[in-house]
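*Asks:* Sequence first, then the predicted structure:
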Amino acid sequence: MAKNIMIQGTMSNAGKSLLVAGLCRVFKQDGYRVAPFKSQNMALNSFITAAGGEMGRAQVVQAEAAGIAPDVRMNPILLKPTTDVGSQVIVNGVAQGNMNAMEYYRRKREYVPAVMEAYNSLAAENDIIVIEGAGSPAEINLKAEDIVNMGLAELVDAPVLLVGDIDRGGVFAQLYGTVALLEEKERARIKGTVVNKFRGDRSILDPGIEQLEKLCGVPVAGVVPYLHVDIDDEDSLSERFHTGSERKAIDVAVIRVPRISNFTDMSALETYENVSLRYVERPEDLHEPDMIILPGTKSTIADLLWLRQSGMEAAICQREAKGCLIFGICGGYQMLGAKVSDPDQVEAAGVTELAGMGLLDMETVFFGDKVTRQTSGTFGEVPGILSGLSGMGYTGYEIHMGRSGNEQAIRCNGNVYGSYIHGIFDAPGVADTILKALCRKKGIDESTIHSFDREAYRQEQYDILATAVREGLDMNYVYRVLNREV
């Protein structure tokens, strides 16, 4: 069976996901077969594996860093929030239906066998498993039924490194306070602490680190710098949503609907020179973009109502009438049609039928069974400004409860396009073709934007991450923890 090490955090967004990805890359570089594992993830950013199972995007990124294919065993439980008090529950890649928070909390222990089966199966195939916790292990009101932090560490007998976020301030209180709130047997599992997201001269930390080690009774295993790497983020805490309002030569506006999901669909457009990708919440911030993207959403009807009530729908339609390129993905695609129907309340939005934006000639009906599949092929004849996509190859995946009839890779009406395919911009040449078409429409030189090898770029980012983790952590000590020498 594989050796293991667990990364827990003092809070959400302490940097656990990225640190796990970095360790996966380091161990891969050192010649080990390594896999990530997170027993329970809560996120709207998900992925469909080659086998058709649904899992959290964070573990997909970690698998890519480890150089292996994503597998639902790496994330046996995924919770996709549908309301403020409920989520769709996905176990081993398959949707089990919606549950409110209290129902899931009562039933959580029922899923322990599924978690352990997934973990043991991965551990039998790998040398090292790097485990990610969730939130904080010191949520004393939730500890009784914990299966993702110390509860899981006990089940799989994992040593723990505890990570704190110094960028938010109060990192010493975060780390010591967390350790102090743990039970004695839980504290014994913590073999080191990590100060994450540090900027500046490390020597300034020395007095605090010395006292922290005395208080916690374990070494500080590293100080990891604030990382500037272009790697997909896990959830709505993403800094991508706060990239500013600068408008460059080609300006792409993504409508930030309240329940936005799979915003990594837009990652392929982010790294081009002279292309701005802005997330917009208010009609007055939309301005006059060259392209508007309606992204995926966990609740099409609720977010369509938000578009209507906020004035964003009217603002989008005004730009469409002026010739702006509109592109909808999955839930955003459904919104563009004539009508959305949910007779069985699959989305639990309280509305059974709602007029769509009327920009595409289609209607969507929601059903209880979920489409989850990877997809690839060749675009047929694509009319209009994006005619250059005709005959090009595409890859991606689909996750949707709705059916819109006469499914095509891309549906078009004038300057309005839509698709169910997540990752549609990722295939070689697709983002290039779209952006260059916008250049021609705008009358600017296509060389204003620059093509690049996206896959090579992604691998380079994982290597940059691994270098930073090696330099920030005491890897000799990490290996001693892994080998149970401390």
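*Replies:* On my side now, so go ahead.

*Asks:* strands paired with whichever strand in the chain runs longest, and their directions?
*Replies:* In the chain, assigned by DSSP state E, the strand with the most residues is strand 363-378. Here strand 363-378 is paired, per DSSP bridges, with strand 339-341 (parallel), strand 393-403 (antiparallel).

*Asks:* So which residues of the stretch 1-150 of the chain form helices?
*Replies:* Ranges of helices in the stretch 1-150 of the chain, per DSSP state H, counting those that start in this stretch, are 16-29, 57-66, 101-107, 112-123, 150-156.

*Asks:* Just give me how far the longest one sits from the chain centre.
*Replies:* For helix 16-29, the gap between its own C-alpha mean and the chain's C-alpha mean amounts to 16 Å (Cα atoms, centre = their mean, to the nearest Å).

*Asks:* That one packs against which elements?
*Replies:* If contacts are counted by 3 or more Cβ pairs under 8 Å, 6 or more residues apart in numbering; DSSP states H and E, helix 16-29 sits against strand 3-9, strand 34-37, helix 57-66, strand 128-132, helix 454-472. In short, each C-beta sits where N, CA and C put it, glycine included.

*Asks:* which parts of that helix are buried?
*Replies:* 16-28 (16 or more other Cβ atoms under 10 Å).

*Asks:* and if you look at the last one?
*Replies:* The neighbour-count criterion (16+ other Cβ under 10 Å) identifies Met150, Gly151, Leu152, Ala153, Val156 as the buried residues of helix 150-156.

*Asks:* and if you look at the fourth one?
*Replies:* For helix 112-123, a neighbour-count test (16+ other Cβ under 10 Å) marks Val115, Met116, Ala118, Tyr119, Leu122, Ala123 as buried.

*Asks:* and that helix, what other elements does it pack with?
*Replies:* strand 34-37, strand 128-132, helix 150-156.

*Asks:* ok, residues contacting it?
*Replies:* The contact list for helix 112-123 (Cβ atoms under 8 Å, 6 or more residues apart in numbering) reads 1-2, 4, 35, 37, 39-40, 71-74, 76-77, 91-92, 129, 147, 152, 155-156.

*Asks:* wait, which of the helices and strands packed on helix 16-29 is closest to Arg168?
*Replies:* strand 3-9 (11.5 Å; Cβ to Cβ).

*Asks:* Paired strands for the closest one, with orientation please.
*Replies:* When DSSP bridges is applied, strand 3-9 pairs with strand 128-132 (parallel), strand 160-165 (parallel).

*Asks:* Work out the gap between the shortest one and the centre of the chain.
*Replies:* Same thing as strand 128-132. 18 Å.

*Asks:* just the angle between it and helix 57-66, please?
*Replies:* 150 degrees (axes from the mean of the first three to the mean of the last three Cα atoms, to 10 degrees).

*Asks:* Would you enumerate the residues in contact with Lys143?
*Replies:* Pro137, Met150, Gly151.

*Asks:* Could you list the low-pLDDT ranges of the stretch 101-250 of the chain?
*Replies:* 233-244 (pLDDT under 70).

*Asks:* on that earlier part again, farthest pair in the buried residues of helix 112-123?
*Replies:* So, the buried residues of helix 112-123 by Cβ to Cβ: farthest apart are Val115 and Ala123, at 12.3 Å.

*Asks:* for the stretch 151-300 of the chain, what spans make up the strands?
*Replies:* All strands of the stretch 151-300 of the chain, identified by DSSP state E, counting those that start in this stretch, fall at 160-165, 190-198, 220-225, 250-255, 260-261, 275-280, 291-294, 296-297.

*Asks:* and the ones you listed as CSV, adding mean neighbour count and distance to Ala173?
*Replies:* Shown next, in CSV, are the strands of the stretch 151-300 of the chain (neighbours: other Cβ atoms under 10 Å; distance: least, Cβ to Cβ, whole Å):
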stretch, mean neighbour count, distance to Ala173
strand 160-165, 27, 9
strand 190-198, 24, 12
strand 220-225, 20, 15
strand 250-255, 24, 37
strand 260-261, 26, 33
strand 275-280, 21, 32
strand 291-294, 26, 41
strand 296-297, 27, 37
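
*Asks:* can you redo those strands as a markdown table with distance to Arg484?
*Replies:* Shown next, in a markdown table, are the strands of the stretch 151-300 of the chain (distance: least, Cβ to Cβ, whole Å):
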| stretch | distance to Arg484 |
| --- | --- |
| strand 160-165 | 13 |
| strand 190-198 | 9 |
| strand 220-225 | 15 |
| strand 250-255 | 47 |
| strand 260-261 | 40 |
| strand 275-280 | 45 |
| strand 291-294 | 49 |
| strand 296-297 | 43 |
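
*Asks:* start to end distance for stretch 194-202?
*Replies:* This stretch, stretch 194-202, spans 13 Å end to end (Cα to Cα, to the nearest Å).

*Asks:* If you could redo that for stretch 189-208, that was the one I meant.
*Replies:* So stretch 189-208: terminal residues 22 Å apart, Cα to Cα.

*Asks:* and it, how far out from the chain's middle?
*Replies:* 27 Å.

*Asks:* Mind listing residues that contact it?
*Replies:* So stretch 189-208 is in contact with 6, 14-15, 19, 150, 153-154, 158-167, 171-172, 175, 179, 182, 209, 212, 216, 218-227, 473, 477, 481, 486, going by Cβ under 8 Å, 6+ apart.

*Asks:* Endpoints of stretch 44-64, how far apart?
*Replies:* Stretch 44-64 has an end-to-end distance of 19 Å (criterion: Cα to Cα).

*Asks:* One more: stretch 31-50?
*Replies:* Using Cα to Cα, the end-to-end distance of stretch 31-50 comes out at 25 Å.

*Asks:* In it, which of the residues would be classed as buried?
*Replies:* Within stretch 31-50, the residues that count as buried by 16+ other Cβ under 10 Å are 32, 34-49.

*Asks:* Could you do stretch 456-467 as well?
*Replies:* Arg458, Gln461, Tyr462, Ile464, Leu465, Ala466.
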